[in-house]
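Student: With the input below, show me the fold.
(2 chains)
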Number of protein chains: 2
Amino acid sequence: MAESEPKDADVTAAVLVIGDEILSGRTQDTNTNYIARFLAALGIDLKEARVVGDSQEEIVSALNALRSRYTYVFTTGGIGPTHDDITADAVAAVFGARIDFHPEALATLAQRYKPGEFNEMRKRMTRIPEGATLIKNSVSTAPGFQMANVFVMAGVPMIMRAMMEELAPRLRRGAVAQAATVEATIPEGRIAAALADIQKNHQMVSIGSYPFYREDGFGTQLVVRGRNQAEVEAAADAVEAAVRAEGVEPKRIQA
Amino acid sequence: MAESEPKDADVTAAVLVIGDEILSGRTQDTNTNYIARFLAALGIDLKEARVVGDSQEEIVSALNALRSRYTYVFTTGGIGPTHDDITADAVAAVFGARIDFHPEALATLAQRYKPGEFNEMRKRMTRIPEGATLIKNSVSTAPGFQMANVFVMAGVPMIMRAMMEELAPRLRRGAVAQAATVEATIPEGRIAAALADIQKNHQMVSIGSYPFYREDGFGTQLVVRGRNQAEVEAAADAVEAAVRAEGVEPKRIQA
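Tutor: Numbering: from 1, shown residues only, chains lettered A, B, ... in the order given. Down below sits the predicted model:
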């Protein structure tokens, strides 16, 4: 529970997902959601996410836009051994940095392969922009890297998750947002006016309204988020009262 | 199968997902993947996707960046009846258009509700920028709308999908990309050099390499995409040969 009460989070982040396979629809991106939850637990606000294809121009342009706006940028994808893995070069271009084989990464990967198997393409995975620090991972051993406020990670979810664990201690943390969820079998339009009033009277929280349609029926989830637990609870209580005023019994869901 | 052979697709698109719930990690976005596949089947290339929160400034800024670059922009989210539904106003601001209750949308929604239930907040769902055309849907009856090359849809997947069906006839189509997938129980690093050569010799296709780690083992999926079926097949055959040269029998997967 947050002791301090910052009105706005001061640690922000963006995710940049890199890969044609996301844009073609071949692959459902789940990395953004994982990173969003991971960062939320550290009190870091994910403010934006983007997906671009395997194009240096697109990667550079997106990275430049994001790294100047947010405390951190997390990229996933494009750091493997094949010709379509161009993220490291794009990051080097962004920072005007030289890129070369990283001695420690080379040594680590050389140990992983049998003699003769550590070929030229696999060595590409150890090309790291000058000035970057490695993000090691025990799943693939091929490292990601951090260049200034940009964290470059693998696209394979299992590897990306190991990298998030590895890099987490480097991150500045913010006050963790608290959330309270009120669920009710009521259409959102019936309580929308009350919600707007509650939002006006509780400016320290944000209230989201999310209708759902499930096999067991429809309804609305009302999510109150904020960095002050007492304010979140007060607003959630007001939301519950508004639902009850419509003759429906709300259910408080623990996140 | 495409008869023509355009080297580059000439119909492009971007997706803009709008909603705090995606960035907080509460909700896993699946709309982007659905739209990507839907557009691919129409020969429309999804080139970029973005997620922004419920902030007019962020929505306007993203929309202006995307609508000028791509043939179409598809937004999801933020058109419901509650205070956090601000997409229509943001789109009006983007185009400098007046926004007001749309007579036909008003009439349609009025029929859906019992007397007295069509309250002020629900009426908000019929506020449409001047000059826009409606995107009707039979699931919720609350319409989305098209303003120039921007298509504004609901965030609830079931409703968004109905809207995609409704708006599809309005879209200019391109040559549909063909894809061939070769799967092999081989680490991508072993065939990366051969893949790079094949890519060089088959410039009309793009070859993607996607390692996987499943319960039944690991391997790589090699995806050849292009608009000329013969070129795609030729490149996929070359990929299969490269895998066989490593002593592994590849499997052709039908998409």
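
Student: helices or strands up against the longest helix anywhere in chain A?
Tutor: What stands out as the longest helix in chain A, according to DSSP state H, is helix A:229-245. Applying 3 or more C-beta pairs under 8 Å, 6 or more residues apart in numbering or on different chains; DSSP states H and E, one finds that helix A:229-245 makes contact with strand A:178-184, helix A:188-201, strand A:205-214, strand A:217-226. In short, each C-beta sits where N, CA and C put it, glycine included.

Student: In a markdown table, list the ones you listed along with distance to chain B and mean pLDDT.
Tutor: Shown next, in a markdown table, are these (distance: least, C-beta to the nearest C-beta, whole Å; pLDDT from 0 to 100):
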| stretch | distance to chain B | mean pLDDT |
| --- | --- | --- |
| strand A:178-184 | 8 | 96 |
| helix A:188-201 | 3 | 96 |
| strand A:205-214 | 4 | 93 |
| strand A:217-226 | 7 | 94 |
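
Student: Please name whichever of those is nearest to B:Ile18.
Tutor: The closest of the helices and strands packed on helix A:229-245 to B:Ile18 is strand A:205-214. By C-beta to C-beta, the value is 11.9 Å.

Student: which ones are touching A:Ala88?
Tutor: A:Gly78, A:Ile79, A:Ile99, A:Arg127, A:Ile128, A:Pro129, A:Phe145, A:Val152 (C-beta atoms under 8 Å, 6 or more residues apart in numbering or on different chains).

Student: Check the secondary structure at it for me.
Tutor: In the three-state summary, A:Ala88 is assigned as helix, counting by DSSP: H, G, I helix; E, B strand; the rest coil.

Student: pLDDT at it, what is it?
Tutor: The confidence metric pLDDT takes the value 98 at A:Ala88.

Student: before we move on, back to that, next step: the contacts of A:Ala88 restricted to strands.
Tutor: With strands defined by DSSP state E, the entries of the contacts of A:Ala88 inside them are A:Ile99, A:Arg127, A:Ile128, A:Pro129, A:Phe145, A:Val152.

Student: Domain parsing of chain A, as residue ranges.
Tutor: A:12-170, A:178-253 (automatic domain parsing).

Student: winner for burial among those?
Tutor: domain A:12-170 (a mean of 20; mean count of other C-beta atoms under 10 Å in any protein chain shown).

Student: part of a helix, is A:Val91?
Tutor: Yes - counting by three-state DSSP, one finds A:Val91 located in a helix.

Student: now the strands: where do they sit in the stretch 1-150 of chain A?
Tutor: A:12-18, A:45-52, A:72-76, A:99-101, A:127-129, A:133-135, A:144-147, A:150-153 (DSSP state E, counting those that start in this stretch).

Student: what lines up beside the third one in the sheet?
Tutor: I take that to be strand A:72-76. strand A:12-18 (parallel), strand A:150-153 (parallel) (DSSP bridges).

Student: Output the ones you listed in TSV, with mean pLDDT appended to each entry.
Tutor: Converted to TSV, those look like this (pLDDT from 0 to 100):
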stretch	mean pLDDT
strand A:12-18	98
strand A:150-153	98
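
Student: Using CSV, lay out the ones you listed together with distance to B:Glu240.
Tutor: Converted to CSV, the strands paired with strand A:72-76 look like this (distance: least, C-beta to C-beta, whole Å):
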stretch, distance to B:Glu240
strand A:12-18, 27
strand A:150-153, 31
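
Student: nearest to B:Val11, of these?
Tutor: Short answer: strand A:12-18, nearest of the strands paired with strand A:72-76 by C-beta to C-beta, at 22.6 Å.

Student: Render the CA-only coordinates of stretch A:83-99 in CSV, please.
Tutor: Output of stretch A:83-99 as CSV, limited to C-alpha atoms (Å, rounded to 0.1, in the frame of the first residue of the first chain):
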residue,chain,number,x,y,z
HIS,A,83,18.5,-11.9,-41.2
ASP,A,84,15.2,-10.4,-40.0
ASP,A,85,16.7,-9.6,-36.5
ILE,A,86,17.7,-6.0,-36.9
THR,A,87,16.8,-4.4,-33.5
ALA,A,88,20.4,-4.1,-32.2
ASP,A,89,21.5,-2.2,-35.4
ALA,A,90,18.4,0.0,-35.2
VAL,A,91,19.2,0.9,-31.5
ALA,A,92,22.8,1.6,-32.4
ALA,A,93,21.6,3.9,-35.2
VAL,A,94,19.2,5.7,-32.8
PHE,A,95,22.1,6.6,-30.5
GLY,A,96,24.7,7.0,-33.2
ALA,A,97,26.7,4.3,-31.5
ARG,A,98,29.2,1.8,-33.0
ILE,A,99,28.0,-1.8,-32.8
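
Student: Nice, that's everything, thank you.
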